[in-house]
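J.: Only the shape, not the letters, is given here:
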């Protein structure tokens, strides 16, 4: 949560007031005069969703964004609160604005005596699928503390053909390694179908866990994944649900998903966006997680000498991990301290070969699954 109180200017109060919304969609906005109306119209068109409100926080806008927001509030059937703030130069970024608007949503729930509300957030240049709110709230109702949704780049935008083909190839590879990971170590808290993304363009979180985690981090890139990591380390359940999906633009600013993918396509790291790693690392990570999950379930993690050395952590750290109550919390903490689990981002030049390896491995795993079914055996694959 924000360290100091902020003074927001109320541009326009909601024309339609909800007494007890189930959720608040919190959106930071800066200079989005061409895309904001589409974003809000998509929220107004949500289907099968309980009552929800929307707060947009305009920060340091110099174009007609404010007028567009006011027009949206007057014409769309959406409970929309429009706030504005001038952030100092060192904090004039989407991450800081997102933290402030999500904190404002949390404060509204808490002060209204509704600590069980849900905060959803997306980008002002994104269009939520018609079931986005309903899908997020359904996942929360099934027991998740937070939901990381899918983000698809807008296919309607004009892009260089090679960049679009590489994006589609990267998405295909992401689905393949998600399949491999799930086959080796199925996560009971993330049943199939599942994905690997954690972006602030599609994120939902219960108020209590959000406040306990200290709010969303203010990183220039990757703040959504950082919040998911903090939630997991705090013992929360995070569902990576492909049913909660938004379509985002190929914006060129440094914080945008499209810009980060362009940079990756040119040879820079993109860890934290699609979580792409070589197949061998995906398999090794999943095997280790499965082994430790089984050890935790049988109380064997207290035998730290059996696994601390393998993961290159101290016995003291291993004892601390073993004392944590839930395995997701153990694993999320372990990923931050074990050098063996350091991410190995996939280079764009590796994509074609690693895709072929992933496809071949999945074919083998499917064959083995069929043989196990014929012989009456069960259990996950080990990826060998």
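T.: That came through, no problem. What you see is a predicted model, and the numbers here were worked out from it, not measured in a lab.
J.: Please enumerate the helices of the stretch 101-250 of the chain.
T.: Ranges of helices in the stretch 101-250 of the chain, per DSSP state H, counting those that start in this stretch, are 132-141, 161-184, 207-212, 223-233.
J.: Make JSON lines from those and add mean pLDDT to it.
T.: Compiled in JSON lines, those are given as follows (pLDDT from 0 to 100):
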{"stretch": "helix 132-141", "mean pLDDT": "98"}
{"stretch": "helix 161-184", "mean pLDDT": "92"}
{"stretch": "helix 207-212", "mean pLDDT": "96"}
{"stretch": "helix 223-233", "mean pLDDT": "95"}
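J.: Quick one: these as JSON lines, columns for distance to residue 290 and mean neighbour count too.
T.: (C-beta placed from N, C-alpha, C; glycine too.) Below are the helices of the stretch 101-250 of the chain laid out as JSON lines (distance: least, C-beta to C-beta, whole Å; neighbours: other C-beta atoms under 10 Å):
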{"stretch": "helix 132-141", "distance to residue 290": "24", "mean neighbour count": "22"}
{"stretch": "helix 161-184", "distance to residue 290": "6", "mean neighbour count": "17"}
{"stretch": "helix 207-212", "distance to residue 290": "26", "mean neighbour count": "20"}
{"stretch": "helix 223-233", "distance to residue 290": "17", "mean neighbour count": "23"}
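J.: and those as TSV, adding distance to residue 107?
T.: Converted to TSV, the helices of the stretch 101-250 of the chain look like this (distance: least, C-beta to C-beta, whole Å):
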stretch	distance to residue 107
helix 132-141	20
helix 161-184	36
helix 207-212	9
helix 223-233	17
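J.: and residue 72, which of the ones you listed is closest to it?
T.: helix 132-141 (16.8 Å; C-beta to C-beta).
J.: Can you check which strand is longest in the protein?
T.: For the chain, the longest strand by residue count, based on DSSP state E, is strand 238-248.
J.: Mind pulling up the pLDDT for residue 274?
T.: Predicted confidence (pLDDT) for residue 274: 67.
J.: Pretty sure residue 369 sits against residue 380.
T.: No. If you go by C-beta atoms under 8 Å, residue 369 and residue 380 don't touch, sitting 9.3 Å apart.
J.: Find the residues that touch each one of those two.
T.: Taking C-beta atoms under 8 Å, 6 or more residues apart in numbering as the contact rule, residue 369 and residue 380 both touch residue 183.
J.: contacting residues for the closest residue to residue 224 other than its chain neighbours?
T.: For residue 224, ignoring the flanking residues on the chain, the nearest one in space by C-beta to C-beta, 6 or more residues apart in numbering is residue 200 at 3.5 Å. Shown in contact with residue 200 (C-beta under 8 Å, 6+ apart): 94, 95, 98, 121, 122, 123, 216, 223, 224, 227.
J.: Could you check how far residue 200 is from residue 369?
T.: The spacing between residue 200 and residue 369, counted by C-beta to C-beta, to the nearest Å, is 36 Å.
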